[in-house]
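> here's my sequence, what's the structure:
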Amino acid sequence: MTSRTLAVVTAGLRQPSSTRLLADRLSAATVDELSSRGFTVSSTVVELRDYAHDITNHLLTGFSSPPLRSVVDGVVAADGLIMVTPIFTASISGLFKSFADMLDDGTLAGKPVLIAATGGTARHSLALDHAMRPLMSYMRAVTIPTGVYAAPEDWSASAPESSSAALSARIRRAAAELAEEVARRETKPPADPFELTTTFEDLLRGE
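Numbers count the residues shown, from 1 in each chain. Predicted coordinates:
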């Protein structure tokens, strides 16, 4: 198939936020990479702050609201994921971890994931490898080699949408790696709602 879906999950707490800005840059670069390979790409951005109360209620009750269930279904069904979180106290945000905690075991198994983060200092860049990457590995996702971290100095004060040459290069490299994994991913055709999955003999046996 020549179409692919991309889900972008961002855990920024402010609007606007550098976390969302980084997510948008990564999404655009990945879409460009896949388009250059001949794919039609559908990209969806999920702002976790919009579902913070629903996520908390799910953790307390075990039940998801319809909007949150729709978000989770979209993330699970996507061909590739971009996961971006701010770094607080040298680790991923509580909102991001809470969302990850509510995903059923195995739902991200084999799914290509690009991990990225933003923080107030470059010293927190190792959080990508000591917090995010082990989490994705535990969930059995296929985490691409290049993680992208953006510190305040990576953004232009005069033009917030502009980034340093080093950050732009990391974005392009990570996007190319994710696009490569997504491109080789086998997409299953949608199930035929009229297809018979039970034989007449099974029905007679009560199965």
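> check which helix or strand covers A7.
Counting by DSSP states H and E, the element that carries A7 is strand 3-10.
> centre of the chain to that strand, how far?
Centroid displacement of strand 3-10 relative to its chain, using C-alpha atoms, centre = their mean, to the nearest Å, is 7 Å.
> ok, now stretch 68-82?
8 Å.
> what residues does that stretch touch?
Outside stretch 68-82, the residues that touch it by C-beta atoms under 8 Å, 6 or more residues apart in numbering are 4-9, 23, 26-27, 30, 44, 46, 51, 54-55, 58, 64, 102-103, 107-108, 111-114, 116, 141, 178, 181-182, 185, 187. (C-beta placed from N, C-alpha, C; glycine too.)
> which ChimeraX command selects the buried ones in the residues you listed?
Buried residues within these, by 16 or more other C-beta atoms under 10 Å, are selected in ChimeraX with:
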select :4,5,6,7,8,9,23,26,27,30,46,51,54,55,58,64,108,111,112,113,114,116,141,178,181,182
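> how much space separates D54 from L114?
To L114, D54 is 25 Å away according to C-beta to C-beta, to the nearest Å.
> kindly report the same for T56.
For T56, the distance to L114 (C-beta to C-beta) stands at 27 Å.
> helix, strand, or coil at L95?
Classification of L95 using DSSP: H, G, I helix; E, B strand; the rest coil returns helix.
> and if you look at the one 10 residues further on?
Under three-state DSSP, the three-state class of D105 is coil.
> okay, now the unreliable bits of this protein?
When residues are selected by pLDDT under 70, those of the chain lie in 1, 156-163, 186-207.
> the helices in it, which residues?
18-36, 52-61, 66-77, 94-101, 127, 133-138, 165-184, 200-204 (DSSP state H).
> okay, the angle between the first one and helix 94-101?
By that I understand helix 18-36. 50 degrees (axes from the mean of the first three to the mean of the last three C-alpha atoms, to 10 degrees).
> return the set of buried residues in helix 18-36.
Neighbour-count burial for helix 18-36, counted by 16+ other C-beta under 10 Å, picks out 18-27, 29-31, 33-34.
> that helix to strand 3-10, inter-axis angle?
170 degrees.
> off-centre distance for helix 18-36?
With C-alpha atoms, centre = their mean as the basis, helix 18-36 stands 12 Å off its chain's centre.
> just the CA coordinates for it, please, in PDB.
The C-alpha coordinates for helix 18-36 follow below in PDB (Å, rounded to 0.1, in the frame of the first residue of the first chain):
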ATOM      1  CA  SER A  18       8.700  24.300  22.500                       C
ATOM      2  CA  THR A  19       7.600  20.700  22.900                       C
ATOM      3  CA  ARG A  20       4.800  21.200  20.400                       C
ATOM      4  CA  LEU A  21       7.100  23.200  18.100                       C
ATOM      5  CA  LEU A  22       9.600  20.300  18.100                       C
ATOM      6  CA  ALA A  23       6.800  17.800  17.500                       C
ATOM      7  CA  ASP A  24       5.600  19.800  14.500                       C
ATOM      8  CA  ARG A  25       9.100  20.000  13.000                       C
ATOM      9  CA  LEU A  26       9.600  16.300  13.400                       C
ATOM     10  CA  SER A  27       6.200  15.500  11.900                       C
ATOM     11  CA  ALA A  28       6.800  17.800   8.900                       C
ATOM     12  CA  ALA A  29      10.200  16.300   8.200                       C
ATOM     13  CA  THR A  30       8.900  12.700   8.400                       C
ATOM     14  CA  VAL A  31       6.000  13.500   6.100                       C
ATOM     15  CA  ASP A  32       8.500  15.000   3.600                       C
ATOM     16  CA  GLU A  33      10.600  11.900   3.800                       C
ATOM     17  CA  LEU A  34       7.700   9.500   3.300                       C
ATOM     18  CA  SER A  35       6.300  11.700   0.500                       C
ATOM     19  CA  SER A  36       9.600  11.600  -1.300                       C
END
